[in-house]
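Visitor: Next come a sequence and a model predicted from it.
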Amino acid sequence: MTAPRFSVRDIAQSLGAEAAGDLDLTIARAAEPQDAMAGDLAMATNPKYADKLQEGAAEVALLWEGADWQSLGLKAAIFTPRPRMAMAGVTAQLDPGQHFARGIHPSAVIDDSAELGDNVSIGPLAVIGPRAKIGAGSVIGPQCFIGADVVIGVNAYLRECVSLGARVRIGDRFRAQPGARVGGDGFSYVTPEVSGVENVRKSLGDQGEARAQSWERIHSLGAVLIGDDVELGMNVTIDNGTIRDTEIGDGTKLDNQVHVGHNTRIGRDCLLCGQAGLSGSVDVGNNVVLGGKVGVGDNLFVGDGAIAAGGTKILSNVPAGRVVMGYPAVKMDTHTDMYKAQRRLPRLMRDIEALKKAVFK
């Protein structure tokens, strides 16, 4: 399939950016500066990429403001004051997509009571359960599962093998990458007697002689409620709530392998990076960023605008605007001081040994 081509003028107008040179030149794909050929848009958004442009054969580049495009040997240029934002626009325009077929594939299994909006596409071997409602313009990819009573808003895009359990409700423009799983039972169990885990949480000490314990399931009566413009990465898992729903706010993005435990509430426009894990009943505010492999203990809150560096383990509440790091999480500047002090420990120990010898003499 031949990739569509866009003129320099078209791309600049879509970005609301200034352009110079031959605006009728056409672009089929984006490329790094050193790899760009004729017909490519070289992504040289910083002066440090100027030398890389000379290694390639680009005729058109996305450049930083004020760049001398002619001295770089280009025939045309687009200028951007905010490169990352321009990247969002360019990649959206040039994305070739997955080439899923339109319409409903004959192998799809769709319950008679399900409601499909206009122009919904259903891929091969997809299953749509009883009373499910799918909004107009949505794409349900191959081998997806949509459970009973699920509601999905308009223009959703589910890649292959996404599953949504019963009663999940999702807003508009939802996007899910392969393998995302929403609406499994929460990991919630109880013992007939007080368990060793409960005792340890109170005492913070050894429990002594181990006792046999059997675990009884607590069923998940809640579901999952997801707002508008939410995106899930590959193999994201979101548990149903126990009684109330687990909630994900508008505009929040979850990276690959993020886990959200039962009853957790995540606010608007949050970013949860790869392998972040939230225990049950966590309350996350708006505009929170959790780096890769961040862990959050159960029944905690993380305030609006908080940021946790990668690998941080949050074991106590985090106030709004706080930047934390480490295990257990502390303020980032405090962690930096602790790390510096830790690196000095061998030298300090040598100094102490020397002082001990001097005193003994």
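Guide: Yep, that arrived.
Visitor: How many residues are close by the nearest residue to Gly297 once chain neighbours are set aside?
Guide: Once flanking residues are discounted, Gly297 sits nearest to Leu315: 5.1 Å by Cβ to Cβ, 6 or more residues apart in numbering. (C-beta placed from N, C-alpha, C; glycine too.) Summarising burial for Leu315: neighbours were counted as other Cβ atoms under 10 Å, giving 12.
Visitor: Would you mind confirming that Leu315 is in contact with Pro328?
Guide: Yes. When contacts are counted by Cβ atoms under 8 Å, Leu315 is listed as touching Pro328 (4.4 Å).
Visitor: buried residues in the least confident helix or strand in the chain by mean pLDDT?
Guide: Within the chain, no helix or strand scores below helix 196-203, which has a mean of 77 by mean pLDDT, DSSP states H and E. Buried positions in helix 196-203, judged by neighbour count with 16 or more other Cβ atoms under 10 Å: Gly196.
Visitor: How about residues contacting it?
Guide: Asp206, Gln207, Ala210, Arg211, Gln213 (Cβ atoms under 8 Å, 6 or more residues apart in numbering).
Visitor: all helices for the stretch 201-350 of the chain, in order.
Guide: Remark: helices assigned in the stretch 201-350 of the chain by DSSP state H, counting those that start in this stretch are 332-360.
Visitor: Give me the below-cutoff pLDDT ranges for it.
Guide: Where the stretch 201-350 of the chain drops to pLDDT under 70, the residues are 210, 212.
Visitor: rerun at 50
Guide: Within the stretch 201-350 of the chain, no stretch has pLDDT under 50.
Visitor: can you list the contacts of helix 196-203 in JSON lines and add neighbour count and distance to Arg167?
Guide: As requested, the contacts of helix 196-203 are exported to JSON lines (neighbours: other Cβ atoms under 10 Å; distance: Cβ to Cβ, whole Å):
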{"residue": "Asp206", "neighbour count": "9", "distance to Arg167": "42"}
{"residue": "Gln207", "neighbour count": "13", "distance to Arg167": "38"}
{"residue": "Ala210", "neighbour count": "7", "distance to Arg167": "39"}
{"residue": "Arg211", "neighbour count": "11", "distance to Arg167": "38"}
{"residue": "Gln213", "neighbour count": "13", "distance to Arg167": "31"}
